[in-house]
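> Output the structure for:
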Amino acid sequence: MMNTLPKSILGRTGLWVTKLGYGAMELRGTDHFPRLNAKAASAILNSVLDNGINYIDTSPDYGYSEQIIGEQIAHRRAEFHLASKCGCPIEEPDVPHDQRKPHDFSRANVRAGVLQSLRRMKTDYLDVVQFHVSPERAELETNDSVAELLKLKEEGKVRFIGMSGTMPQLEDHIAMNVFDVFQIPYSVVEREHEDLIHKAAQGGAGIVIRGGVSRGVMVKDAAVIDEYPAFLRPAFRARRQLWQQTNIDDLLEGMTPMEFMLRFTISNPDMSTTIVGTANPAHLLANVKVAAKGPLPKDIYAEACKRFPKMAAEQYLQQLP
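Purely as a prediction, here's the structure:
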């Protein structure tokens with residue numbers, strides 16, 4: 001068992017979390033994610049815990065992910081903090097992404113989703129429940145959605161509430177001053193949320209980063225991007241192009257691109273944890289070894305911040321002559 005991962009406090013929650021968390025989306029077993037058998041599912045999830053990772057993030061939207069977590073590691077519940085989402089449609093886990101019902105932030109659906117997550121993951125409580133897909137503040141207020149999460153918190157079913165948010169809604173979410181945790185996309189090729197990450201952290205919220213290695217799109221064959229949902233492809237291609245045209249050979253110092261990206265994310269002083277997903281135990285171990293090295297050297301991190309723009313890759317590339 002490895003216990004060398006750096007840790008930090010998840011904002012006002014007071015939870016002590018490993019800076020490398022586990023994102024369980026790749027356990028979904030739908031769309032282009034293969035369905036894991038029980039042996040493979042047990043191997044990856046138990047390896048997550050055996051290697052000291054103590055923050056697991058999932059969602060009802062992630063196919064069989066919640067069910068697999070309940071089946072394989074419910075007996076080790078005391079070893080990890082568990083985060084999920086709400087507002088997701090209440091459906092069977094094998095409904096394809098493009099056939100799913102729209103998200104519903106009514107109080108009834110928020111409650112139904114949390115109760116479903118508790119049943120699926122065989123637990124009495126969720127450490128963090130986040131609104132999914134960055135709903136507008138007006139939609140949350142019209143539905144009184146936050147009040148329902150707070151009621152579930154009073155009942156002990158939820159410990160802390162959060163938002164999986166992005167621009168342009170994220171600034172309104174922060175201004176609401178109700179969320180304990182924000183999950184926000186961020187990486188060296190996706191720095192457009194950096195100032196809002198800082199603002200949320202300064203307000204006392206814990207920061208969970210997703211996309212911290214940008215799903216490895218900068219080193220994958222361009223054709224692989226076509227396997228992702230159509231709405232994701234333009235941004236993935238832009239981030240890949242930004243990486244390729246930004247010269248950082250002198251900064252790598254023997255690091256692979258994936259190591260550089262993960263350590264860049266961990267270097268952000270406002271982040272609490274970054275969730276990285278994989279169904280491959282070898283990839284998981286590689287991520288653990290990299291995260292155990294901690295942040296980049298300060299001079300390399302500062303230089304990388306100078307070379308990569310603090311805006312969306314698509315926007316930056318459009319501005320080039």
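> Please count neighbours and contacts with C-alpha atoms only from this point.
Noted.
> Pull the contacting residues for the residue minimising distance to the centre of the chain.
Nearest to the mean C-alpha position of the chain, by Cα atoms, centre = their mean, lies Arg210 at 3.2 Å. Applying Cα atoms under 8 Å, 6 or more residues apart in numbering, we find Arg210 in contact with Gln183, Ile184, Pro185, Tyr186, Thr274, Ile275, Val276.
> Could you check how far the third one is from Gly206?
Note on Pro185: its distance to Gly206, by Cα to Cα, to the nearest Å, is 14 Å.
> more neighbours, those two?
Ranked by neighbour count (other Cα atoms under 10 Å), Pro185 and Gly206 place Gly206 first, with 28 against 22.
> In contact with the nearest residue to the more buried one once chain neighbours are set aside, which residues?
Of all residues not flanking Gly206 in the chain, Gly11 sits nearest, at 3.7 Å (Cα to Cα, 6 or more residues apart in numbering). Counting by Cα under 8 Å, 6+ apart, Gly11 touches Asp180, Val181, Ala201, Gly204, Ala205, Gly206, Ile207, Ser272.
> Name the residues that touch stretch 238-245?
Contacts for stretch 238-245 (Cα under 8 Å, 6+ apart): Val189, Glu190, Ser214, Val217, Met218, Val219, Ala313, Glu314, Leu317.
> Now do the closest residue to the fourth one other than its chain neighbours against Gln202, distance only.
Think Val217. Closest residue to Val217 apart from its sequence neighbours, by Cα to Cα, 6+ apart: Arg240 at 5.8 Å. Separation of Arg240 from Gln202 (Cα to Cα): 31 Å.
> can you pull out the strands in the stretch 201-321 of the chain?
Along the stretch 201-321 of the chain, the stretches classed as strands by DSSP state E, counting those that start in this stretch are 206-210, 273-276.
> Mind putting the contacts of Gly11 into JSON lines with pLDDT and distance to Val48?
Putting these into JSON lines (pLDDT from 0 to 100; distance: Cα to Cα, whole Å) gives the following:
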{"residue": "Asp180", "pLDDT": "99", "distance to Val48": "25"}
{"residue": "Val181", "pLDDT": "99", "distance to Val48": "22"}
{"residue": "Ala201", "pLDDT": "98", "distance to Val48": "27"}
{"residue": "Gly204", "pLDDT": "98", "distance to Val48": "28"}
{"residue": "Ala205", "pLDDT": "99", "distance to Val48": "25"}
{"residue": "Gly206", "pLDDT": "99", "distance to Val48": "21"}
{"residue": "Ile207", "pLDDT": "99", "distance to Val48": "20"}
{"residue": "Ser272", "pLDDT": "98", "distance to Val48": "18"}
